[in-house]
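**Q** what's the 3D shape of this:
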Amino acid sequence: MAGVPVAPIDLIARALAPDAIGRTVTVRGWVVRSRSSGGILFLRMRDRSGAVQVTAKKDALGEAAFRAAEAVQIEGAIRVHGTVSEDPRAPEKREIKAIAIEVVDAGQPFPIFKDQTEEFLLDNRHLTIRSTEHVATFRVKAAVLRALRAFLERENVLEMTPPILTGNAAEGGSEAFTFDYFGRPGYLSQTAQLYLEAMLAPHERVFAVTPSFRAEKSRTPRHLTEYTHLEVELAWCDLDGLLAFTERMLVSVLHDVATTMAPELTLVGRDPAELLAITPPFPRVEYGDAVERLAGEGFPVKWGDDLGSTEERALTLTAKQPTFLLHFPTELKAFYMLRTPGDSRTVQAADVLAPEGFGEIVGASCREGDIGHLTERLQAIGANVNEYAWYFDLRRHGNVPHAGFGLGVERLVRWITRREHIRDTTPFPRTPSRHTP
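**A** Down below sits the predicted model:
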């Protein structure tokens with residue numbers, strides 16, 4: 001490689017290490033900023049481990065190599081060989097004084113810059129996701145998924161791989177994406193729950209992380225038509241046990257992410273200490289009490305009304321802890337939720353509302369075991385009961401009390417990272433108006 005000595009490649013993090021001053025390193029990555037002042041070139045470059053300032057003098061590189069490096073565009077790729085030195089003016093208080101720079105790809109002028117429309121940025125999502133905030137957000141999301149799986153493994157919950165293509169519109173056909181499956185109706189999965197319930201008898205505690213799809217024309221900051229769905233099913237579990245498990249999981253994940261991703265959280269505007277301060281128990285609010293409070297605050301709600309994002313925001317805007325909202329009217333919830341003993345108007349269900357007005361992040365319930373009640377609810381929503389014969393079999397052969405929940409990973413990440421819109425928590429968001437790029 002002309003101009004750059006053959007040497008092992010270092011990550012930029014190596015140049016930022018405490019013992020790196022005076023060391024010679026070879027790093028490679030992408031140019032973030034560039035400016036030239038006379039015979040000195042100032043570059044900022046990044047790789048997966050961090051970013052660092054590079055300075056290059058024309059007399060050190062040579063005329064041709066200097067001009068080639070000077071012509072590199074934003075997001076152009078380079079390889080730098082140089083010595084690490086202190087510089088209090090640099091963002092990391094470090095810089096690499098280049099001995100040689102190899103231009104891997106000078107690139108064309110980068111089309112993404114400040115003050116462009118949201119639509120333009122979405123049209124060019126494949127490029128905009130290189131931004132510092134997007135990179136930090138997606139790394140936090142990866143840490144959330146790692147922490148969720150680590151917690152579930154410690155709790156002896158087994159990961160399953162349920163199908164995404166299904167013949168049942170589990171939560172109502174009007175919100176399911178339909179397609180022709182070799183001459184028969186097919187659906188993109190809205191939930192893995194029914195399949196996870198089938199795995200309870202042999203395994204007792206199961207979970208899955210899958211994409212879920214909802215054909216809702218909801219254009220809100222918290223809705224996607226495709227999202228990442230963590231779902232858990234627990235045998236021998238009642239509502240109190242389910243809430244305790246959910247609470248324990250969320251606290252574990254929040255503390256893990258706050259500890260391991262502090263720089264990324266700080267970059268996106270979340271103080272890690274705020275997540276570390278979240279501890280059990282979470283407040284528990286009955287649906288009826290929430291409706292009464294909202295009505296007293298002037299919201300036009302009454303018993304039986306669904307609570308949307310505006311109402312959820314009002315309930316939690318000043319909260320510092322997640323909140324359990326309990327015992328919803330039966331008609332508001334899915335057919336498989338267990339009726340509350342002694343109160344057939346409600347189901348043994350709970351939503352977890354994130355603090356600061358971010359709304360629902362978890363939906364949980366005990367599961368109905370009575371085939372008569374399941375049939376009644378399916379008929380009420382206009383479903384074809386015969387398509388659920390296999391699901392009824394689970395109640396005929398060794399059914400036990402069980403419960404479970406679904407967590408929207410993007411919603412959780414949106415709250416953690418304080419993103420204004422949920423589309424900023426996934427690289428290529430799918431909404432009613434967009435399914436490209």
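
**Q** the helix or strand harbouring Ile361 packs against which elements?
**A** Assigned by DSSP states H and E, Ile361 belongs to strand 359-366. Judged by 3 or more C-beta pairs under 8 Å, 6 or more residues apart in numbering; DSSP states H and E, the packing partners of strand 359-366 are helix 239-260, helix 309-316, strand 349-354, strand 402-408, helix 409-417. C-beta coordinates here come from the backbone N, C-alpha and C atoms, glycine included.

**Q** and these: which comes nearest Gly372?
**A** Among those, the nearest to Gly372 by C-beta to C-beta is strand 402-408 (18.2 Å).

**Q** how far off centre is that closest one?
**A** 17 Å (C-alpha atoms, centre = their mean, to the nearest Å).

**Q** same question for stretch 194-209.
**A** For stretch 194-209, the distance to the chain centre is 23 Å (C-alpha atoms, centre = their mean).

**Q** quick one: buried residues of that stretch?
**A** 194-200, 204-209 (16 or more other C-beta atoms under 10 Å).

**Q** alpha carbons of that stretch, as PDB, please.
**A** The C-alpha trace of stretch 194-209 is given here as PDB (Å, rounded to 0.1, in the frame of the first residue of the first chain):
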ATOM      1  CA  LEU A 194     -49.900 -18.500  20.700                       C
ATOM      2  CA  TYR A 195     -46.900 -20.500  19.500                       C
ATOM      3  CA  LEU A 196     -45.000 -19.800  22.700                       C
ATOM      4  CA  GLU A 197     -47.900 -21.100  24.700                       C
ATOM      5  CA  ALA A 198     -47.600 -24.300  22.800                       C
ATOM      6  CA  MET A 199     -44.000 -24.600  24.000                       C
ATOM      7  CA  LEU A 200     -44.900 -24.200  27.700                       C
ATOM      8  CA  ALA A 201     -45.800 -27.900  28.400                       C
ATOM      9  CA  PRO A 202     -42.300 -29.200  27.600                       C
ATOM     10  CA  HIS A 203     -40.300 -26.200  28.700                       C
ATOM     11  CA  GLU A 204     -42.400 -24.100  31.200                       C
ATOM     12  CA  ARG A 205     -40.600 -20.800  30.500                       C
ATOM     13  CA  VAL A 206     -40.000 -19.600  27.000                       C
ATOM     14  CA  PHE A 207     -39.300 -16.400  25.000                       C
ATOM     15  CA  ALA A 208     -38.800 -15.200  21.500                       C
ATOM     16  CA  VAL A 209     -37.400 -12.100  19.800                       C
END
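
**Q** what's the mean pLDDT across it?
**A** In this model, stretch 194-209 has an average pLDDT of 97.

**Q** and the contacts of that stretch?
**A** With contact meaning C-beta atoms under 8 Å, 6 or more residues apart in numbering, stretch 194-209 is reached by 145, 148-149, 152, 155-163, 168, 170, 192, 228-236, 336, 367, 390-391, 394, 397-398, 400, 402, 404, 409.

**Q** list the contacts of the lengthiest strand in the chain.
**A** Counting residues, the longest strand found in the chain (DSSP state E) is strand 24-37. The contact list for strand 24-37, computed with C-beta under 8 Å, 6+ apart, reads 4-5, 7-12, 14-15, 41-47, 51-52, 70, 72-84, 96, 99, 104, 130.

**Q** just the buried ones among these, please.
**A** 4, 10-12, 14-15, 41, 43-47, 51-52, 70, 72, 74-84, 96, 99, 104.

**Q** of these, which belong to helices?
**A** Using DSSP state H, the subset of these located in helices is 12, 14-15, 70.

**Q** what's the most distant pair in the residues you listed?
**A** So, those by C-beta to C-beta: farthest apart are Arg14 and Glu70, at 25.6 Å.

**Q** what does the model give Gly173 for pLDDT?
**A** pLDDT, read off for Gly173, is 57.

**Q** which residue, other than its chain neighbours, is closest to Arg270?
**A** What sits nearest to Arg270 in space, not counting adjacent residues and going by C-beta to C-beta, 6 or more residues apart in numbering, is Arg418, at 5.4 Å.

**Q** so what's the one residue sitting closest to the centre of the chain closest to, chain neighbours aside?
**A** Nearest residue to the geometric centre of the chain (C-alpha atoms, centre = their mean): Glu410, 3.1 Å. Take Glu410 and drop its neighbours on the chain: the residue closest to it by C-beta to C-beta, 6+ apart is Thr425, 4.3 Å away.

**Q** how much space is there between that neighbour and Leu145?
**A** From Thr425 across to Leu145, the span is 12 Å (C-beta to C-beta, to the nearest Å).
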